[in-house]
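Enquirer: model this:
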Amino acid sequence: TVSFTVVIMSVPIMVSVPSVLWVVCLKTDLLPCSGWGGFWDVRIIVPAITMGLPGIAGMARMMRASTLDVMGQDFIRTAHAKGLSSIAVDFRHVLKNAMIPIVTILAFALAGMLGTGFIVEQILGIPGVGRLVIEAIWQRDYPIIMGATLIGASAFVIANLLADIAYSFMDPRIRYN
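Expert: Below you'll find the predicted structure:
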């Protein structure tokens, strides 16, 4: 499973979009190959898969490593020695402590999807902000470029702020006064 997640994370978005299109649209004929019918249309599946798979693969690797690290700590052995069921130990102690690094990755992944979305919109021909920004770059429309840069930077800052707030709920030792 580790090598599979590494492969999924390593494939560039310019390769994964046509590959997913080939499998889902041409080979299996599950979805229409072209066009855009709105947000709740079935055509949203291909962009969602291509944008979500690399992030999910990275989070799966980190979650596995973090879970193994937490399971080897003393307080987990103590919880088992107290007689707690392994389901209670897994959910109350292991999962809660293993999720802290995942929150960091999730914050960066959500903010990073803005850049990935630009590329996916361009490849699939989806009308959206990505196409607007790329056309603004080609036409040297500086106000739109600066606005998109400001929105992207704000997304990173807000994602990191939300991750820090989530830390304080997940780990009581991390509190902000």
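Enquirer: now the end-to-end length of stretch 5-22.
Expert: One end of stretch 5-22 to the other measures 21 Å (CA to CA, to the nearest Å).
Enquirer: give me the buried positions along it.
Expert: In terms of neighbour count (16 or more other CB atoms under 10 Å), stretch 5-22 has its buried residues at 5, 8, 11, 13, 16-17, 20-21. (Each C-beta comes from the backbone N, C-alpha and C, glycine too.)
Enquirer: the strand or helix carrying residue 65: what's the following helix or strand?
Expert: Assessed by DSSP states H and E, residue 65 sits inside helix 45-71. Counting by DSSP H and E, the element after helix 45-71 in chain order, helix or strand, is helix 74-81.
Enquirer: that following helix packs against which elements?
Expert: Counting contacts by 3 or more CB pairs under 8 Å, 6 or more residues apart in numbering; DSSP states H and E, helix 74-81 is packed against helix 86-89.
Enquirer: average pLDDT across the helix it packs on?
Expert: For helix 86-89, mean pLDDT rounds to 89.
Enquirer: just the CA trace of that helix, in CSV.
Expert: Extracted in CSV, the C-alpha atoms of helix 86-89 (Å, rounded to 0.1, in the frame of the first residue of the first chain):
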residue,chain,number,x,y,z
SER,A,86,-9.5,-1.8,22.1
ILE,A,87,-12.2,0.1,20.3
ALA,A,88,-12.4,2.7,23.0
VAL,A,89,-8.6,3.0,23.1
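Enquirer: what does that helix contact?
Expert: Counting by CB atoms under 8 Å, 6 or more residues apart in numbering, helix 86-89 makes contact with 76, 79-80, all of which sit outside it.
Enquirer: now pLDDT too, for the residues you listed, in TSV please.
Expert: Formatted as TSV, the contacts of helix 86-89 follow (pLDDT from 0 to 100):
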residue	pLDDT
76	89
79	90
80	89
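Enquirer: which of those residues sits closest to residue 28?
Expert: residue 76 (43.5 Å; CB to CB).
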